[in-house]
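> quick one, structure for this:
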Amino acid sequence: MRQWQRWSRDVIPSLVQPYLSYRRLSNRFRNPVDYEPPMCNCGLSRRLKVTCTLFVPGLQHVDLMVCPCVPAAVQLLWMGYFPCAPLGPTLAVSLQLLSLVRQLFMRMPPNTSAWCESFEAYLAGMGYKVDTKEGIRRRFGNAYHWYCILEISLDEHIQQQLQKSISPPSDIPLGVPSSSHHPPDGDRCPLCFGGHSWESNNSQQSPSDVDAIVCIDACFTQKRRSGLPDDPVNPTATVFLSPEDIHAMECEVDGLRKSKSAMQRRSGQASKRNHGDDDVFEEGMRISTSVLKGCNESFTAADERRQKASTQFFSDTGVMALLCRHDRVIHLANMTSAGEKQHYALALIKSLFGHLPSNFHIGLLYDIGCQLEQSCRKWGFLKSFLPRISFAISVFHAFGHQWACQLIYHPRKREGFGLSDGEGCEHFWSSIKGLIPSLRVSGYHQRLFVIDFQVHHLDMKSLIGLGQWILRHWNHCQEKKAAASKGLRRCGVDIPTLQAEWDAQVAAQTKPTPRHSSKAVENIVLQVMETQKSLENYEAKLVVLEQDLLHGVPDMINLNIQITECHKKIMNFKQALQRQKTTLGMNGPADLARMQNSSYLQLRMHALAIKKRIRDRLRQRKFELERLERSYRHTVSEQRLQYHTEASVKRSYNKLCLQMVGLIHKGKAPHGSIAPLLIPRDSLFKLDVDDDIWQDVGLGDDADGLLPLWLADEKVHSGIRSLLELRRCEEEERRLLHEKKALVLWFSEEWGCMQRAREDADDDLAYELNCRASTLAGLCFMWQKQLRDFPGIAYEDWGLSDEDLHRIVQIPHFMCDADDGERLDGFESEGEGEDDGMLDDELLYVAEEFALADEYHQQNDMSLGELSWGDELDNDLLDMDPPSSPSKRVRR
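Below you'll find the predicted structure:
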């Protein structure tokens, strides 16, 4: 601990200026620097022998005379080495070698042990031998860590010097890093927060557009084992929220819930008398309580099956991230609870708004955005920021939500989100998955430091490709816009009619369910009929067993046991049937008699039950398979799941639908009956927001009458989809144009700040600023080339002339060619080109578990196709062609 404090407080600060000078004199490690050891007469000098490591010649020994006036760290730095200890190092590592390892560990999981073992073997091959028993691993790791700290400290020193050269305008967000920050720092996103003119930047946006779009998600694979020794704090900035901020939000959440709960208990009796168990809209919400309950149950079931970290074995159970829509990290929160607690997300959002102006509106994409908004409105969380937040759900997990929830919260249905999908966190988790093994056994602060280090690298990587990101999304937007416009023209329905039908659809499909609805009665009737069917089956089985008893069988003991169990089952089913009939209510017996006398109504009710079961099963299994989808698309379990579910659809649901079609054509169905939609098996597992599997056409209360145009007319139905797609594309266009303008403003301000700082800088600082100016100019050159064909102002003011730009980029400090923008563009390419065979052990283990579970359920569960509803109907009905559109399903 004392050595750590000496590094942090004394050595690193004292090395910043010498390191800055050494970088200039050596031309960034290209050239050797002539260094003469100083002579000191303080009388405290002592001789120190240090082993220095480098690539060529490998190892060499130097003798130093060190004293408090001229410490070993400073002398070694001027010689081109970095020490392994602050006062008396026995090993020093070449700065060139450390720079190489630093770049290497940015692009692969950091493994100091493997590197040192390989380097020792390399030295042994050259005839060198490391004397100590433990080798160089510990000393090299110490030197590498503090070299990284020195690099970060140097960068912070330069930022402080740049900060002195500007005075931010009054409209800049107080906490958002100003334009003095050098681009590779990645402390903010230039496309979301670039430029000082916030009001003018947003003046061309629609009132429904948000100023910036962010996403939140948690990852439970980035955890750390308990029982490990605590390590000291690193003297560097971090993107992680402090434990104090997270704890303060947790206390605030607990306090608000307790106070609100007490108020609700005091007024609970009056509220219960007024509302009872009615399905209602809570204050500020656009979906009813029953829909929110369904979404909560869906994700609760998924959470129970998701492997999360136990607090018994892990001190840190995961990481929650807040990213902008360009996949750039804004904040991270270290999680210490077993589940995904709301206070982590609330702390991230609060920290973000603490850095934004008072008129800044955020669009928030979260897997359970509906639940988070409900909690905020119910308990008063983020009360001052809530009017400036538009909640939505991420596209990747939209299938887990109820259909009514998707109508309101899906980003393709909700205004303001353009074509954002909220999957930036998934890209980020993929990019840092290589850190999982090493960070699981690291210290607390070391874990945060390594993740911060990787975030820094990924920010620089995405910064290089921002121009390509804008261009690629623009081209994608134009393709979707052209397809949507073509769809609108093809449908032949005017936009006002489509808008009116869309409003009617939202109003109809999000309205609360009445307290005593016909659907509730039908559910009870269905339970009664299922119980009766089971009772009849056991009674028939009992008759067969009693006949066997009369005729005699070899195993009479087993037969008597089966008869006893059968009597018990019959008794239980009779009691259950009696209880269910008592809950039917006044009209229940009549509904039951009507259902029992109508084969069509039986088929319709059972088809609805099967469709709901298929939806629930698909949700459940897609939650389970989400960890495998991106790494291994064709696991054995997924193939088996798809085969059995498609078989269930073919044998059961679609069979019942075709039987209902046959009854309609034969006139055996009620007047005005509508046949339901078949489920296409080829797109069964997509669960897209516009798939027919979400629509219960012909299976609900609307099955005995004319359907509205938004459901019955295929042209209106497709026209609404095209209209919504077109509007999202128009939103995306406005956002991309704004982001391009923000990028130009950001660069212009960065460049102006750099030029002002260079005027008063000394030689060492001026050299570093010149190198960074070359890097900045290289970014500008690349962005201009990438955005050459992008619409907008023909000649934007980037802050420097074309002549200066071409002159500066000739200086060999910017090592990336402009054509590499697509290759270096953000996180989206991470993992997409990997070989499917390169799986880690955890994914293989999960796949085997799923396969075994499927095999078990296949043997023990009764499949949907084995149910015998409607089997007595004509088999020739299965050969009929289904009607082509809902409007043709209405009986004339």
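> please count neighbours and contacts with C-alpha atoms only from this point.
OK.
> from residue 432, how far out is residue 425?
If you measure residue 425 against residue 432 using Cα to Cα, to the nearest Å, the figure is 11 Å.
> can you check residue 279 too?
Distance from residue 279 to residue 432, by Cα to Cα: 44 Å.
> ok, back up a step: neighbour count for residue 425 and residue 432, which is higher?
residue 425 (26 against 18; other Cα atoms under 10 Å).
> that's a helix at the more buried one, yeah?
Yes. According to DSSP: H, G, I helix; E, B strand; the rest coil, the state of residue 425 is that of a helix.
> if I look at it, how far off is residue 150?
30 Å.
> repeat that for residue 265.
The separation that residue 265 has from residue 150, given Cα to Cα, amounts to 57 Å.
> quick one, which of these two is more surrounded?
More neighbours surround residue 150 than the other of residue 265 and residue 150, with 21 against 11 (other Cα under 10 Å).
> mind listing what's buried along the host helix or strand of that one?
Using DSSP states H and E, residue 150 maps to helix 137-163. For helix 137-163, burial by neighbour count (16 or more other Cα atoms under 10 Å) applies to 137, 139-141, 143-147, 149-158, 161-163.
> likewise for stretch 386-399?
386, 388, 389, 390, 391, 392, 393, 394, 395, 397, 398, 399.
> is the residue nearest to the third one when sequence neighbours are not counted in a bridge, and if so with what?
Using Cα to Cα, 6 or more residues apart in numbering and skipping the chain neighbours, the partner closest in space to residue 389 is residue 362 (5.0 Å). In this entry, residue 362 is beta-bridged to residue 212, residue 389, by DSSP bridges.
> which residues touch residue 362?
210, 211, 212, 213, 214, 388, 389, 390 (Cα atoms under 8 Å, 6 or more residues apart in numbering).
> now with 7 Å, please.
Residues in contact with residue 362, defined by Cα atoms under 7 Å, 6 or more residues apart in numbering, are 210, 211, 212, 213, 388, 389, 390.
> right, and the fifth one touches residue 361 too?
Yes. With contact defined as Cα atoms under 7 Å, residue 388 and residue 361 form a contacting pair (4.6 Å).
> just the strands in this protein please.
46-53, 59-66, 81-83, 91-94, 212-219, 224-225, 314-316, 318-324, 329-335, 362-366, 389-392 (DSSP state E).
> ok, which of those comes nearest residue 739?
strand 212-219 (9.9 Å; Cα to Cα).
> now for this protein, the helix or strand with the poorest mean pLDDT.
Least confident helix or strand, the chain: helix 841-860 with a mean of 41, by mean pLDDT, DSSP states H and E.
> count of residues packed around the nearest residue to residue 436 once chain neighbours are set aside?
Excluding the flanking residues, the one nearest residue 436 by Cα to Cα, 6+ apart is residue 222, at 5.7 Å. Neighbourhood size, residue 222 [other Cα under 10 Å]: 24.
> wait, what's in contact with residue 222?
By Cα under 7 Å, 6+ apart, the neighbours of residue 222 are 318, 319, 436.
> give me the neighbour count for the first one.
By the other Cα under 10 Å criterion, the neighbourhood of residue 318 contains 23 residues.
> so it makes contact with residue 217?
No. Counting by Cα under 7 Å, residue 318 stays clear of residue 217, with 10.7 Å between them.
> and the closest residue to residue 484 other than its chain neighbours, how far is that from residue 416?
Excluding its sequence neighbours, the residue lying closest to residue 484 (Cα to Cα, 6+ apart) is residue 722, at 4.7 Å. Remark: distance between residue 722 and residue 416 (Cα to Cα) = 17 Å.
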